[in-house]
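Colleague: Dropping a prediction and its sequence here:
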Protein chains: 2
Amino acid sequence: MVTINDIARRAGVSRTTVSRFINESGYVSEKARENISRVIEATGYVPSEQAKSLRLKRTKVIGVVIPKISTETMSRVVNGMDEILQQEGYQILLASSSLDKQKEIEQLKLLESRRVDGIILVATNREPELLEAVKNLSVPVVAVGQHLPEISSVVYNDYEAAKSLTKEILHAGHTKIGFIGVDEADYSVGVLRKKGFLDALKENGCSVETGWMQTASFSISAGEEAAARLLEQSKTLPTALLAVTDRLAVGAMQTLRKEGFDLPGEMAVAGMGASDMSAYVTPALTTVDYYYEEAGKVSAGILLKAITGHAKKVEKSQMDYRLLKRDSLR
Amino acid sequence: MVTINDIARRAGVSRTTVSRFINESGYVSEKARENISRVIEATGYVPSEQAKSLRLKRTKVIGVVIPKISTETMSRVVNGMDEILQQEGYQILLASSSLDKQKEIEQLKLLESRRVDGIILVATNREPELLEAVKNLSVPVVAVGQHLPEISSVVYNDYEAAKSLTKEILHAGHTKIGFIGVDEADYSVGVLRKKGFLDALKENGCSVETGWMQTASFSISAGEEAAARLLEQSKTLPTALLAVTDRLAVGAMQTLRKEGFDLPGEMAVAGMGASDMSAYVTPALTTVDYYYEEAGKVSAGILLKAITGHAKKVEKSQMDYRLLKRDSLR
DNA sequence: CAGACATGTGTGATCGATTCCACAATGTGC
DNA sequence: GCACATTGTGGAATCGATCACACATGTCTG
């Protein structure tokens, strides 16, 4: 790999002059310019951003920790980030925790060791170990999806979104509503969405049977299984079903259809997240759009402000949401 | 940020000894061990991978260039890569070209300037400028999705897959088959899949009307529009329709349903790519599984072999495929 | 008891860039 | 003709790590 010294030698100048030429700083004579530019052309020299980073104490790299790469939500969030970061000349160093809490912490350390200029953590939990690890970092951090104390966070309005959606279901005339949630370790999806659901019911004087409340992981098949359990464990069947993610809803619809339910006639279904497929399943799924790309952009923006020092120490931002009423709810 | 020199000073040893302690190379006395480990603990010191990279001439970072982050295909491919790369201690530096050919080339340069240990290029075209840029790189490169000359490549069997799928449609009794393709700049999807389709027809003595062959971009809505054009421009309607991606197929189904077609009774539809949603649309979409995660894994494996020098100079690998016959084709 | 060998530590060069500072030339004003 | 900009260049330190090598002990062996 050709270095600045090679260029200097072959152009008959010092590496200082080459550096000046490249960065357009200070004086370089016309003759020197020509020589240097000719040699660079001939050798295909590309300055080492690496060496530069060491000297300048900045890498122009942002670390992004996500639970899993191959989910629609994540790819949309990361896409939003990239759009903003690329504009400012930053690149993304990707770190997947594969939904492993220990690995999530390791990834943070790893990114710190690479001296990234900042970290965006798409968090799935709020365990003390994670908070501790985040606090010990000496790089600016922005959390996405979970409200981490004393850390800049971009969160979805999970509570209100779930509440609105539930009200919409009630409004459609349903009073017996089933629920497919996820583990409470995920505070945003597991706790807040469930709370929004339950509060909306309470405010309208509705109650739920225990069998109507199911918990699943994040896959479509988990939704299928949860729906099956719900049907089996319910003494009286609900007439509508709210799943906290679209994938769970799609899985549930699959089971319901298999069991011969008329959708949405005998069972209305709603999901959350506005996934791509939600508009194309049959019946089209009623859901909530969280503006994931936008969340990525906002978090990147906050991080950049923190890096350049033009920011409040801790900035909290709550994303908007939007109800998408479709055929699956009547 | 605390450095190895700070640790050395506070532990009362030289930085060499600290380095030895960290890397478990050479002798370090029990007393020195204790001091160093205590100081590291107290300061939260994390060695700079950056400085290490400069010295060792390797970064443990792999650059991945993709056309767009927020597509299911890409996130699955990248997920596969990450699985392999993480095992070997590599991280992924993500570079999206946003489907811009010029930017694709810039991203390659940028990754080279960061001295990544290798690059995986998920290519969408084979333009001479791109080939030139790739050849000028002084890092190992693996291409995915397109067969780049003299470059290790992992390709899908686009031709055979399209041909098999078409034969399957013929086998189901259809002889008039419409086609929604994409621009030929994308050699694999635009040219090879179309060729597979046409060759299968030719071998079976079937022909196509011009109106039956439509071209679209990669979105669902493009599929809707292409199907509308197809219906409009056909003198006699086909009884089946092959779209080169699932999203196009889903879009087409949307239009067909809107126009009152009974699916698959009046029009059978097939897609390609085995997207997540393909199994959950109605009717479930017949498609071809390209094993995208696996392609990511294979490409990462080839790259790692190239980096460690245990590889042939150029390695070509062709992925397997699998027909998924579902309700949309009868 | 000399030389070999294991144990333990530090000095200084190195990786590839940037940048402060010193120092030449040359021109310019008074 | 002297002081002083302006223009142009290079030497050397620096960023934070690794590592070859030198050098000190202490112990074992023939």
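Modeller: All right, it came through fine. Numbering: from 1, shown residues only, chains lettered A, B, ... in the order given.
Colleague: Run a quick neighbour tally on A:Thr43.
Modeller: A count of nearby residues for A:Thr43, using other Cβ atoms under 10 Å in any protein chain shown, gives 13. Every C-beta, even on glycine, is put in place using the N, C-alpha and C of the backbone.
Colleague: Please name the residues that touch it.
Modeller: A:Val2, A:Asp6, A:Ile7, A:Arg10 (Cβ atoms under 8 Å, 6 or more residues apart in numbering or on different chains).
Colleague: Now, of those residues, which are buried?
Modeller: Among those, those scoring as buried are A:Ile7, A:Arg10 (criterion: 16 or more other Cβ atoms under 10 Å in any protein chain shown).
Colleague: Strands along the stretch 201-330 of chain A, start to end?
Modeller: Secondary structure of the stretch 201-330 of chain A (DSSP state E, counting those that start in this stretch): strands at A:213-216, A:240-243, A:268-270, A:287-289, A:316-318, A:322-324.
Colleague: Flag every buried residue along the last one.
Modeller: Within strand A:322-324, the residues that qualify as buried are A:Leu323, A:Leu324, counting by 16+ other Cβ under 10 Å.
Colleague: and it with chain B, contact?
Modeller: No - using Cβ under 8 Å from any Cβ of the partner chain, strand A:322-324 stays clear of chain B, with a minimum separation of 15.3 Å.
Colleague: Kindly compare burial across the strands of the stretch 201-330 of chain A and name the winner.
Modeller: Neighbour counts averaged per stretch over the strands of the stretch 201-330 of chain A are highest for strand A:240-243, at a mean of 30; criterion: mean count of other Cβ atoms under 10 Å in any protein chain shown.
Colleague: chain center to it: distance?
Modeller: 24 Å (Cα atoms, centre = their mean, to the nearest Å).
Colleague: May I have the strands that pair with that strand, each with its orientation?
Modeller: strand A:177-182 (parallel), strand A:268-270 (parallel) (DSSP bridges).
Colleague: want to try JSON lines for those, with mean pLDDT as columns?
Modeller: Listed next are the strands paired with strand A:240-243 as JSON lines, based on pLDDT from 0 to 100:
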{"stretch": "strand A:177-182", "mean pLDDT": "96"}
{"stretch": "strand A:268-270", "mean pLDDT": "97"}
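Colleague: okay if I get these as JSON lines plus distance to DNA strand D?
Modeller: As requested, the strands paired with strand A:240-243 are exported to JSON lines (distance: least, Cβ to the nearest atom of the strand, whole Å):
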{"stretch": "strand A:177-182", "distance to DNA strand D": "40"}
{"stretch": "strand A:268-270", "distance to DNA strand D": "52"}
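Colleague: could I get those as a markdown table with distance to B:Asn23?
Modeller: Output for the strands paired with strand A:240-243, formatted as a markdown table (distance: least, Cβ to Cβ, whole Å):
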| stretch | distance to B:Asn23 |
| --- | --- |
| strand A:177-182 | 42 |
| strand A:268-270 | 55 |
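Colleague: closest to DNA strand C out of the ones you listed?
Modeller: strand A:177-182 (47.4 Å; Cβ to the nearest atom of the strand).
Colleague: Run through who's touching that closest one.
Modeller: By Cβ under 8 Å, 6+ apart, strand A:177-182 touches A:166, A:169-170, A:189-190, A:193-194, A:197, A:201, A:206, A:208, A:212-218, A:223, A:226-227, A:230, A:234, A:238-245, A:248-249, A:252.
Colleague: hang on, the earlier thing: in CSV: the contacts of A:Thr43, plus pLDDT, secondary structure and distance to A:Met267.
Modeller: Shown next, in CSV, are these (pLDDT from 0 to 100; DSSP: H, G, I helix; E, B strand; the rest coil; distance: Cβ to Cβ, whole Å):
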residue, pLDDT, secondary structure, distance to A:Met267
A:Val2, 94, coil, 67
A:Asp6, 95, helix, 72
A:Ile7, 95, helix, 71
A:Arg10, 94, helix, 76
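Colleague: quick one: which of the contacts of A:Thr43 is nearest chain B?
Modeller: A:Val2 (8.5 Å; Cβ to the nearest Cβ).
Colleague: check contacts around that closest one.
Modeller: A:Thr43, A:Gly44, A:Tyr45.
Colleague: Could you report the separation of it from B:Val139?
Modeller: 13 Å (Cβ to Cβ, to the nearest Å).
Colleague: Pretty sure A:Val250 sits against A:Thr287.
Modeller: No - if you go by Cβ atoms under 8 Å, A:Val250 and A:Thr287 don't touch, sitting 10.1 Å apart.
Colleague: where do the contact lists of the two overlap?
Modeller: A:Gly271, A:Ser278.
Colleague: could you show me where the helices are in the stretch 51-200 of chain A, in order?
Modeller: Under the criterion DSSP state H, counting those that start in this stretch, the stretch 51-200 of chain A contains helices at A:72-87, A:101-113, A:128-135, A:158-171, A:193-203.
Colleague: distance between the fourth one and the chain's centre?
Modeller: Helix A:158-171 sits 22 Å away from the centroid of its parent chain (Cα atoms, centre = their mean).
Colleague: now the last one
Modeller: Relative to its parent chain, helix A:193-203 has a centroid offset of 25 Å by Cα atoms, centre = their mean.
Colleague: Likewise for the shortest one?
Modeller: Average the C-alpha atoms of helix A:128-135, do the same for its chain, and the two points are 19 Å apart (Cα atoms, centre = their mean).
Colleague: who does it touch, helix- and strand-wise?
Modeller: Applying 3 or more Cβ pairs under 8 Å, 6 or more residues apart in numbering or on different chains; DSSP states H and E, we find helix A:128-135 packed against helix A:101-113.
Colleague: Pull the residues that contact the helix it packs on.
Modeller: A:63, A:65, A:67, A:93, A:95-97, A:119, A:121, A:123-125, A:127, A:129-130, A:133-134, A:137-139, B:46-49, B:91.
Colleague: Filter the residues you listed down to the ones in strands?
Modeller: The members of the contacts of helix A:101-113 that map onto strands under DSSP state E are A:Gly63, A:Val65, A:Leu93, A:Ala95, A:Ser96, A:Ile119, A:Leu121, B:Gln91.
Colleague: Turn those residues into CSV, including distance to DNA strand C, pLDDT and neighbour count.
Modeller: Output for the ones in strands among the contacts of helix A:101-113, formatted as CSV (distance: Cβ to the nearest atom of the strand, whole Å; pLDDT from 0 to 100; neighbours: other Cβ atoms under 10 Å in any protein chain shown):
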residue, distance to DNA strand C, pLDDT, neighbour count
A:Gly63, 21, 98, 26
A:Val65, 28, 98, 25
A:Leu93, 20, 98, 23
A:Ala95, 25, 97, 25
A:Ser96, 30, 96, 24
A:Ile119, 24, 98, 23
A:Leu121, 29, 98, 29
B:Gln91, 20, 97, 23
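Colleague: Can you say which two of the residues you listed are spatially most distant?
Modeller: Of all pairs drawn from these, the greatest distance, 15.4 Å, lies between A:Leu121 and B:Gln91 (Cβ to Cβ).
Colleague: okay, the strands of the stretch 201-330 of chain A in TSV with distance to DNA strand C next?
Modeller: Putting the strands of the stretch 201-330 of chain A into TSV (distance: least, Cβ to the nearest atom of the strand, whole Å) gives the following:
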stretch	distance to DNA strand C
strand A:213-216	51
strand A:240-243	53
strand A:268-270	55
strand A:287-289	44
strand A:316-318	33
strand A:322-324	46
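Colleague: All good on my end, thank you.
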